[in-house]
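1. sharing a model that was predicted from the sequence below.
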Amino acid sequence: MKGIKKIIIHNWKLKLFSFFIGITMWFYVLNIKERSNHYVENLQNVSISIAKNIPIEIKSLSSQKVLISPKNVDIYYIRRDKNFFILPRFKAYIEYPGIDKENDTLPVQVEKNEEIVIIKIVPERVTITRLLGGEK
């Protein structure tokens, strides 16, 4: 019994300090876990909006006549601001470099907007068909 008492009393201040640090760290870790669950719940409540049938413009350096298929895209997005009454305007476009191939697929791009985060563009790529007869 005398040996146990000596073990407990030896450096008792350091042991007591370590005990309180351990309890403090335990509550800190539990608090972090609760905060991370709170963030996950907030992400689950985000609503995704859809802008349907946005016409695609052709930005081209070439004077060739081309057809695009499909001519419209759907844009899935999330709003950053809280002003839900004003609908955002989208400008979808493709950059056509004037390739010599008769058919090509190019990615659809959307002009940047600070108010929204674009999740998905459907379809992501469109088919370009160069018309014979060349000049506009």
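-> Received it, and whenever you're ready, just let me know what you need. Residues are numbered from 1 along each chain as shown.
2. now do the same contact list for the residue nearest to S69 when sequence neighbours are not counted.
-> Taking CB to CB, 6 or more residues apart in numbering, and ignoring the residues beside it in sequence, S69 has T127 as its nearest neighbour in space, at 4.8 Å. (C-beta placed from N, C-alpha, C; glycine too.) Shown in contact with T127 (CB atoms under 8 Å, 6 or more residues apart in numbering): I68, S69, N103, D104, T105.
3. now swap in M25 and tell me
-> When contacts are counted by CB under 8 Å, 6+ apart, M25 touches no other residue.
4. following the helix or strand hosting it, which helix or strand comes up?
-> Secondary structure assignment for M25, by DSSP states H and E: helix 12-44. Next helix or strand after helix 12-44 toward the C-terminus (DSSP H and E): strand 49-60.
5. what mean pLDDT does that next one get?
-> Summarised as a single mean, pLDDT over strand 49-60 is 83.
6. each with direction, which strands does that strand pair with?
-> Strands adjacent to strand 49-60 in the sheet, as given by DSSP bridges, are strand 72-79 (antiparallel), strand 92-96 (parallel).
7. now distance to Y28 too, for the ones you listed, in JSON lines please.
-> JSON lines is the format used below for the strands paired with strand 49-60 (distance: least, CB to CB, whole Å):
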{"stretch": "strand 72-79", "distance to Y28": "32"}
{"stretch": "strand 92-96", "distance to Y28": "48"}
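8. mean pLDDT lowest for which of those?
-> Across those, strand 92-96 gives the lowest mean pLDDT, at a mean of 83.
9. and for that one, what's in contact with it?
-> Residues lying outside strand 92-96 but in contact with it, judged by CB under 8 Å, 6+ apart, are 54-62, 66, 68, 73, 75, 106-111, 121, 126, 128.
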